[in-house]
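[1] Starting from these lines, generate the structure:
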Amino acid sequence: MIRSIKKIYRLQWLALALLLGQATVFAQVKLPKLISNGMVLQHSQNLKLWGWAAPSEKVSLLFNGKSYTAKANATGEWIINLPSQKAGGPFTMTFSASNKVEVSNILFGDVWLCSGQSNMELAMNRLLDTYPEEANAKNDNIRQFLVPDVYNFKAKQPDVNSGNWASVSPTTIADFSGVAYFFAKAVYQKHHIPIGIINASLGGSPAQAWISEGSLKKFPEYFDQMQSMKDDKLIAKIEQEDKQASAAWYGELNKKDEGLKKGWKTAAFDDSGWNEMKVPGYWADTQIGNVNGAVWFRKTINVPQGMTGLEAKLQLGRIVDADSVYVNDVFVGTTSYQYPPRDYKIAAGVLKAGKNTIAVRIINNAGKGGFILDKPYKITAGKEIIDLQGLWKFKTGVVMQPLKSQTFIRWKSGGLFNAMIAPLQNYAIKGALWYQGESNTGKPTEYSDLMKTLIADWRAGWKQEFPFIYVQLPGYMEEKQEPTDTNWAVMREQQSKIITVPNTAMAVALDLGEWNDIHPVNKKDVGERLALQAEKLVYGNTKVVASGPSVKAIRKESNKIIVSFNDIGSGLMAKGDNTLHYFAIAGADEKYVWATAVIKNNEVVVYSDLITNPVFIKYAWADNPAKANLYNKEGLPAAPFKSKL
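    Numbering: from 1, shown residues only. The predicted structure follows:
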């Protein structure tokens, strides 16, 4: 009996100790992920430093010889207000409650929120072939915090799931957003103050995913979508159905693929009876037609002695959709979706003098499969290059019905705001950079309203009317031979309308695109054009020419339309030659024809013998107006436009 009583007491004391231990853990001061070693805080602004502790607990901050205190509220949240600080560092902060947390290597500088979809997200690891000099970049005064890609439809998260601050170095540069890095580098070189990048971006995301629930009420379709996504069972059902459909499709494909059964990847396989196709290109344009499934390609090449014994680089441009590649029976790489460049290493010793075989298995689950045009297709070893363009042997391994389109939950309305923006909003920023729009081109006419709402929404959350600088979409897709009306042109018009919001600016990137790649690699000019806009809008350099020409006024004289422009800098010019391209005019019937356009007295005079009474005019109004060449002499392109007199 006594033993039983003692045992009960021991259990009670153990339970009490556990409870006290839990209380002690709960009482410990905790900081958000942003407030961590290496952080960059906004200089010359009053700051909020925040975190969690026990309810009503006193929290103190020791910084630069001074002490600051706050008392946690009933739920344990606290905020310490730090007075404005000059740019510089490094500094250390010590937060104390029942424990101490030290945050070191702190800089004060300018903090820029960089958000949007894949062209903001695109990291330097995809760009180092284009900018090899950046591989060894080192600058402790440029730092990035990479916000993890997470969604939450139910509530604003109090903190991001993970993340840390990293400065530019050869070991970290690959993870930096290319656009944000080149922007930060340009600003730093001009102003020599630390630059902090908060990279909160996600490929494929539409604007509505980045707007709060309250602001989405203006858009019933997107508000209702967010409400539906609060149902965990619905999300689980969608994800399960997508997973099962994908697993069944790929399972059947792999089971039926003749190439896997018969060893089409091996160098010894006899492909003499196979048809031939020109690479790059699409097999939809061959005798097999626009089929989906697995299609195999093989090519025999002659390798000179000088390329053997060296590590080689195999470039297969871009492939739609997924590929697995073998060289002389050795697997050298795979990519699961169409957008990344196919740059694979061939280990030293794999290539041999004389005949070598490359085998590529392509899996295409919808649309046209094949090799994207105007991309590099070659093997490089030392100074030797083998061109891989031309005829390849090819054969269908299995034909499949298209895979049902997947549901991308993370792109649904409001989810990214709650998980990737809301947790940041106590952290003071200098401004925001935005590169997004491709995912809204299906319904472009609503984009201006969405973005004006987003800007107001974010500013309200930060309680700060910060500058908002964004990129207008570059050229993309095949160039049309006749004047057309396209979603991408309408989207750029919508983007131009956002400038009416105070304290905003737009960087025109019309000439920085690639017709065959929605992810153009020229991110340096994009970043530097954003920096130019910041130089004028944010840093007060009113003399800098930050923009290309934009329409000021349009008038008609006889059968001619005369356009005057803002932001002409030191004058207008036709880049590349003396002839302006991509101006079109129309009469009242809106049937556009290409027009003659000439620069006269820093205005553009536009006319056509086919239109005696012009009523409409447009410039660079297309998906990809590659020949559009109206610039100012500072080298910045004119913004596209469409207007009625």
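[2] rest of the way, CA atoms for contacts and neighbours
    Noted.
[3] Now do the buried residues in the top strand by length along the chain.
    Counting residues, the longest strand in the chain under DSSP state E turns out to be strand 100-116. Going by neighbour count (16 or more other CA atoms under 10 Å), the buried part of strand 100-116 is 101, 103-104, 106-116.
[4] and whichever helix or strand comes after it, how far from the chain's centre?
    Using DSSP states H and E, the helix or strand that follows strand 100-116 in sequence is helix 118-121. In terms of CA atoms, centre = their mean, to the nearest Å, the centre of helix 118-121 is found 1 Å from the chain centre.
[5] repeat for stretch 560-578
    Taking mean C-alpha positions (CA atoms, centre = their mean), stretch 560-578 and its chain are 32 Å apart.
[6] pLDDT averaged over that stretch, what's the number?
    Average pLDDT, stretch 560-578: 96.
[7] Just the C-alphas of that stretch, formatted as CSV.
    Provided in CSV are the C-alpha atoms of stretch 560-578 (Å, rounded to 0.1, in the frame of the first residue of the first chain):
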residue,chain,number,x,y,z
LYS,A,560,-0.8,61.5,-90.6
ILE,A,561,-0.8,60.7,-86.9
ILE,A,562,1.8,62.6,-84.8
VAL,A,563,2.8,61.1,-81.5
SER,A,564,4.8,63.0,-78.9
PHE,A,565,6.5,61.3,-75.9
ASN,A,566,7.5,61.7,-72.4
ASP,A,567,10.9,60.4,-71.3
ILE,A,568,12.7,61.1,-74.5
GLY,A,569,16.0,61.7,-72.7
SER,A,570,18.4,63.3,-75.1
GLY,A,571,16.2,62.3,-78.1
LEU,A,572,14.3,59.6,-79.9
MET,A,573,16.1,57.1,-82.1
ALA,A,574,15.4,54.0,-84.2
LYS,A,575,17.6,51.4,-82.8
GLY,A,576,19.5,49.2,-85.2
ASP,A,577,18.7,51.1,-88.4
ASN,A,578,17.1,54.3,-89.6
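[8] What lies in contact with that stretch?
    545, 547-556, 580, 599, 602-608, 614, 617, 629-634 (CA atoms under 8 Å, 6 or more residues apart in numbering).
[9] related to what we said a few turns ago, rebuild the buried residues of strand 100-116 as TSV, extending it with pLDDT and distance to Glu479.
    Below are the buried residues of strand 100-116 laid out as TSV (pLDDT from 0 to 100; distance: CA to CA, whole Å):
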residue	pLDDT	distance to Glu479
Val101	97	58
Val103	98	53
Ser104	98	53
Ile106	98	49
Leu107	98	47
Phe108	98	47
Gly109	98	43
Asp110	98	40
Val111	98	39
Trp112	99	35
Leu113	99	34
Cys114	98	31
Ser115	98	29
Gly116	98	26
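[10] Check those against Val350 and report the nearest one.
    Gly116 (41.6 Å; CA to CA).
[11] Hmm, that closest one is touching Gln208, no?
    No - in this structure, Gly116 is not within contact of Gln208 by CA atoms under 8 Å, at 10.9 Å.
[12] so who does Ile518 touch?
    Tyr476.
[13] Local confidence estimate at it?
    96.
[14] about what we covered before: now the longest strand of the chain, how far from the centre of its chain.
    22 Å.
[15] Direction included, what does it pair against?
    If you go by DSSP bridges, strand 100-116 pairs up with strand 40-42 (parallel), strand 88-96 (antiparallel), strand 195-201 (parallel), strand 431-435 (parallel).
[16] Any chance you could list what contacts the first one?
    Translated: strand 40-42. By CA under 8 Å, 6+ apart, strand 40-42 touches 106-111, 143, 194-196, 427-430.
[17] Check the longest one too.
    Taking CA under 8 Å, 6+ apart as the criterion, the residues outside strand 88-96 that touch it are 29, 59-64, 100-109, 193-194.
[18] Please apply the same query to stretch 46-58.
    26-32, 35, 59, 69-85, 97, 426-428.
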